[in-house]
Every structure is written in C-alpha cells, then in structure tokens.
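Sequence and predicted structure are below.
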Amino acid sequence: MQIAEIGLLGATGPAGSALAARLADVGYEVIVGSRSKYRAMEARDVIVDAWPDRDLRIEAADNHGAASAEVVVIATPWNAAAETAASVADQLHGKVVICMSNALSKVGREFQPLVPPRGSVSASVQAEIRDAYIAAAFHHVPAKALADLERDVESDILICSDHPHATETVAAIVSRVPGLRPLDAGELSNATAIEAFTAVLLQLNVRYRTRVAVRFTGIPDHAVAVSGGGHASGVAGSAAPVTAAPVDGTRHGDDDVDDGVGGGVGPDVAVT
Ligand SMILES: NC(=O)c1ccc[n+]([C@@H]2O[C@H](COP(=O)([O-])OP(=O)(O)OC[C@H]3O[C@@H](n4cnc5c(N)ncnc54)[C@H](OP(=O)(O)O)[C@@H]3O)[C@@H](O)[C@H]2O)c1
C-alpha cells in the first residue's frame, strides 16, 4: 500500500512538529493535529515559515481531522496517548497508527523510565483501539535534529508491532527519510524496552551536553533494504514493502540466530 497522507496527533509539541516537517519534506501530505485547530494552524505556520523554499504540503486540523489521514502518528505525552487515541477512535479502525510516546519521569536531573499499564504506551494504545494496527517507532530520534531539514538525521528507527503489515508500512515511511534506517524490533511487547531506553539516551544528553541518536552495528544495510529505493533513498514515492526477512509475516523464524538466551553469548549487536 502506497501511503500518501500522514496525520499527527499532538503535533504542536517539538516531537510531532519536527516529524511533521521531516515527513512533509520527503513528499508526504501531512496533517498537523492538536486539541485546538488554532494551535495546529500556528504550528503549521511555524514550520512553513521556517522553510519558505521548500514545498511542504502541511495542513492544520484538530486531532480528529488529523486522524482522518491514511496513517496516524500519536505524538502526545505518554499519559495522554491512549486517551487521545480513544478520542478519535472512530477514525483509527483498520489503520496503521504509530506511537512515539515514551513514559518517562524527570526526578531532579535524572530521567527515569516508567512502566505504564500494559507495559508500554504503545500497548495501552493498542488495547484502546483493538482493530487498529499499532506500531511503536521514532522514540529515540531527537526532535531538534529531526526539525533541521538542512541536515540528515543519522539514526536507526526501531519499529515494533504485533502486525507485520504495520511494521512494513512504518519501515517504508522511515526509508524515505535520508539518514534514517528502519529496523524491525519484533512484537509490541518490546516497546516496553524501547520506550524505557529513552531515559538512558536523555541521561546521556545531559551528561555529555549533546543530543544522541541510536545506530546499531552488525546489521548490514542490505538486510534492511526496502524495495523501490533502499533504506535511505529519500526518493519520494518509494514507500514500498520491506523485503527483508524479519518482516515477512512469520516473525522470529531465524533458528540459526543466537538469541542470547540459554547460555549463548548474546546478540552480536552494539549501539553506537
Ligand atoms: N521531544 C523529543 O525529542 C522526542 C523524540 C521522540 C519521541 N518523543 C516523545 O514524543 C511525545 C511528544 O513529545 P513532545 O516533546 O512533543 O511533548 P509535548 O510538547 O509535551 O506534547 C506534545 C503535544 O501533546 C498535546 N498534549 C499535551 N497534553 C495533552 C493531553 N493531556 N491530552 C492530549 N494532548 C495533549 C499538546 O498539543 P495540543 O495542546 O496542541 O493538543 C502538546 O503540544 C513524548 O511522549 C515524547 O516522549 C519526544
């Protein structure tokens, strides 16, 4: 399925507006959503005014209007994600819904992960909208870097979902953004670890006064190739299904891969 239009709920915040700008820059029609259509219009204008030379197709709407898009991203704080999804449930049935929210708390200078009901924000959204295809993605990519359209963001994007179709769809979207590489990180149960790991990244940002992003070694680019342009082609219109084995609809079938459980040495993957 070729996706043309992506709506973002809570896109007046740094994460949603940055992702909206980046997705529009690679050719998607984007709907910036908010609880207030006027705030959405302001957020849209900020993006468009910042990049006057780019042909960014961005509309503004309330969250309900943004949820009418083919694919929907939830970019609210963690404790508002399920409630926000529920508020537009009539628009989400049968759609791929991406949740990028992280359940975190800042205690003094420390970021600490929280474990929300059902283990992750994404799982709580899936429980709320059972016939949508929830995928967890974009948790680790720093909004400031994502918003700077002059520069590629060098980052892997971990995607997890209980629906291979959703993983494929999100991987195709990620693949259109130069510098981003989609990785199939398994089922939605892994969102617990992915969301919680964000606390570590934020702590690194504080400690080293930077903005880190995640890049895994040990996975060659050809293993995550997306048909129709490669993982980082940036070619508008290349949103085609991922052809790599991990998202073939038969999850976890690699018997010869050391899974790091039961005495093995653990997966030979490092984070850079
Ligand atoms: N910032 C980053 O670098 C980054 C990167 C990756 C992932 N994330 C994750 O993305 C999510 C959003 O991050 P953010 O920094 O953009 O957050 P944020 O600014 O705190 O919130 C984003 C938007 O959510 C809406 N919102 C706030 N409270 C709400 C509520 N109770 N109910 C419904 N909507 C509400 C607001 O939009 P309206 O008032 O206009 O409706 C707000 O502008 C977070 O969960 C974060 O962990 C952030």
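Looks like it arrived, so ask away.

shouldn't A82 be in contact with Q126?
No - using CB atoms under 8 Å, A82 is not in contact with Q126; the gap is 9.1 Å. Where you see a C-beta, it was placed from the backbone N, CA and C, and this is true even at glycine.

Which residue is the nearest non-sequential neighbour of the residue in the chain positioned nearest to the ligand?
Relative to the ligand, the nearest point of the chain is G13 (2.4 Å; CB to the nearest ligand atom). For G13, ignoring the flanking residues on the chain, the nearest one in space by CB to CB, 6 or more residues apart in numbering is A75 at 6.2 Å.

show me what contacts the one you found?
By CB atoms under 8 Å, 6 or more residues apart in numbering, the residues touching A75 are L8, L9, G10, A11, G13, A15, G16, L19, M100, S101.

Now that we're looking at it, what pLDDT does it have?
Listed pLDDT for A75 reads 98.

ditto for D45
Looking at D45, its pLDDT is 98.

One more: K106?
Looking at K106, its pLDDT reads 91.

Partner strands of whichever strand or helix holds it and their direction?
Taking DSSP states H and E as the criterion, K106 maps to strand 104-107. With DSSP bridges as the test, strand 104-107 is paired with strand 110-113 (antiparallel).

now the strands for the stretch 51-200 of the chain?
Ranges of strands in the stretch 51-200 of the chain, per DSSP state E, counting those that start in this stretch, are 58-62, 71-74, 96-99, 104-107, 110-113, 133-136, 155-161, 180-184.

thinking again about what came up before, residues touching the strand holding K106, excluding its own?
By CB under 8 Å, 6+ apart, the residues outside strand 104-107 that reach it are W78, F111, Q112, P113, L114, E195, T198, A199, L202.

Drop anything exposed from the contacts of A75.
Among these, those classed as buried by neighbour count (16 or more other CB atoms under 10 Å) are L8, L9, G10, A11, A15, G16, L19, M100, S101.

which parts of the protein sit against the ligand?
10, 12-16, 34-36, 39, 75-78, 80, 84, 100-102, 138-139, 141-143 (CB under 6 Å from any ligand atom).

Which among the residues you listed count as buried?
By neighbour count, with 16+ other CB under 10 Å, those hold 10, 12, 15-16, 34-35, 39, 75-76, 78, 80, 84, 100-102, 138-139, 141-143 as buried.

picking up where we left off before, which positions within the strand holding K106 qualify as buried?
For strand 104-107, by 16+ other CB under 10 Å, it's L104.

Can you pull the poorly scored residue ranges out of this structure?
Scanning the chain for pLDDT under 70 picks out 1, 226-272.

Could I get the full set of helices for it?
Under the criterion DSSP state H, the chain contains helices at 14-25, 37-50, 63-66, 78-87, 89-92, 121-128, 143-147, 164-175, 191-208.

Out of these, which is closest to I219?
helix 164-175 (13.1 Å; CB to CB).

can I get the CA coordinates of the closest one in PDB?
The C-alpha trace of helix 164-175 is given here as PDB (Å, rounded to 0.1, in the frame of the first residue of the first chain):
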ATOM      1  CA  PRO A 164       3.800  -7.300  10.200                       C
ATOM      2  CA  HIS A 165       1.800  -5.100   7.800                       C
ATOM      3  CA  ALA A 166       2.200  -2.200  10.300                       C
ATOM      4  CA  THR A 167       6.000  -2.800  10.600                       C
ATOM      5  CA  GLU A 168       6.300  -2.800   6.800                       C
ATOM      6  CA  THR A 169       4.300   0.400   6.400                       C
ATOM      7  CA  VAL A 170       6.300   2.200   9.000                       C
ATOM      8  CA  ALA A 171       9.600   0.900   7.600                       C
ATOM      9  CA  ALA A 172       8.600   2.200   4.200                       C
ATOM     10  CA  ILE A 173       7.900   5.700   5.700                       C
ATOM     11  CA  VAL A 174      11.200   5.700   7.600                       C
ATOM     12  CA  SER A 175      13.100   4.700   4.500                       C
END
